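**Q** please find the sequence and the predicted model below.
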Amino acid sequence: MVISHVHDYFRVLWIQGLFIISILAGWTNGYVTARCMKTAGYADWLGGATFSALAYPIIVLATIIVIDLIEYAEGS
């Protein structure tokens, strides 16, 4: 974003915002994974951690790719 280069203060806010978003996304990912594992009756924390570490980024990336493909198909 251009506004982050206007002043050093905005750059710090930008980095802090990304850090807070990463924390909230990681917490939500861990909570949902734990609830799904509890519902399914799994107790293997290593498998759950591996799945959550791989599944969340893959889902986010796939969503971004699909949105980009739709925009490309529409000629945007």
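**A** Arrived safely, thanks for sending.
**Q** look up how far Leu24 lies from Val12.
**A** 19 Å (Cβ to Cβ, to the nearest Å). Backbone N, C-alpha and C define where each C-beta goes, glycine included.
**Q** now do the buried residues in the helix-or-strand element of the chain with minimal mean pLDDT.
**A** One helix or strand of the chain scores below all others by mean pLDDT, DSSP states H and E: helix 8-40, with a mean of 86. Residues of helix 8-40 classed as buried by neighbour count (16 or more other Cβ atoms under 10 Å): 29, 33, 37.
**Q** got it, and stretch 59-66?
**A** Neighbour-count burial for stretch 59-66 [16+ other Cβ under 10 Å]: no residues qualify.
**Q** so Asn29 is in contact with Tyr56, correct?
**A** Yes - contact criterion Cβ atoms under 8 Å: Asn29 and Tyr56 qualify, at 4.7 Å.
**Q** which helices and strands does the least confident helix or strand of the chain pack with?
**A** For helix 8-40, the packing partners by 3 or more Cβ pairs under 8 Å, 6 or more residues apart in numbering; DSSP states H and E come out as helix 45-74.
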